[in-house]
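Student: mind folding the following:
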Amino acid sequence: MNTDRGQLTVVVYVDDLFMTCSSLDEIRRLLHHLRNRFGTLTVNEGMYHSYLGMNFDLSTRGKVRVSMEGLTM
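Tutor: All right, here's what the predicted structure looks like:
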């Protein structure tokens, strides 16, 4: 979805969501709406995330490092 502040991407897998946007305010706005609709949510914020066996490192501006070290040999 395109917003006034950039593209907001939401990946849905069963009951897990993964969101990215250049504007943290846009993500927080969406989280506010989701909490109003569904109640309590578990949210993980930061530069490092695990999702569906993938590890995401967002610590370098403009780059994402994706690894699957736990699932590969």
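
Student: backbone dihedrals for Asn55, please?
Tutor: Backbone dihedrals for Asn55, given as degrees, to the nearest 10, come out at phi -110, psi 130.

Student: which pLDDT value goes with it?
Tutor: Looking at Asn55, its pLDDT is 91.

Student: touching, it and Met47? I think so.
Tutor: No - contact criterion Cβ atoms under 8 Å: Asn55 and Met47 do not qualify, at 11.5 Å. Bear in mind the C-beta positions are built from the backbone N, C-alpha and C, glycine included.

Student: next, the nearest residue to Tyr48 once chain neighbours are set aside: phi, psi?
Tutor: In space, and not counting its chain neighbours, Tyr48 is closest to Asp57: 5.8 Å by Cβ to Cβ, 6 or more residues apart in numbering. With angles defined as degrees, to the nearest 10, Asp57 sits at phi -120, psi 110.

Student: verify the stated contact: Asp57 with Gly46.
Tutor: No - look at Asp57 against Gly46 with Cβ under 8 Å: they stay out of range, at 10.5 Å.

Student: which one of these two has more residues nearby?
Tutor: A count of neighbours by other Cβ atoms under 10 Å puts Asp57 above the other of Asp57 and Gly46, at 13 against 7.

Student: and that one, what are its bridge partners?
Tutor: Here Asp57 sits in beta bridges with Tyr48, Arg65, going by DSSP bridges.

Student: okay, and Glu26 sits in which element?
Tutor: helix 24-38 (DSSP states H and E).

Student: what residues sit buried inside that helix?
Tutor: Glu26, Ile27, Leu30 (16 or more other Cβ atoms under 10 Å).

Student: find the residue at the geometric middle of this protein.
Tutor: Centroid-nearest residue in the chain: Met19, 3.0 Å away (criterion: Cα atoms, centre = their mean).
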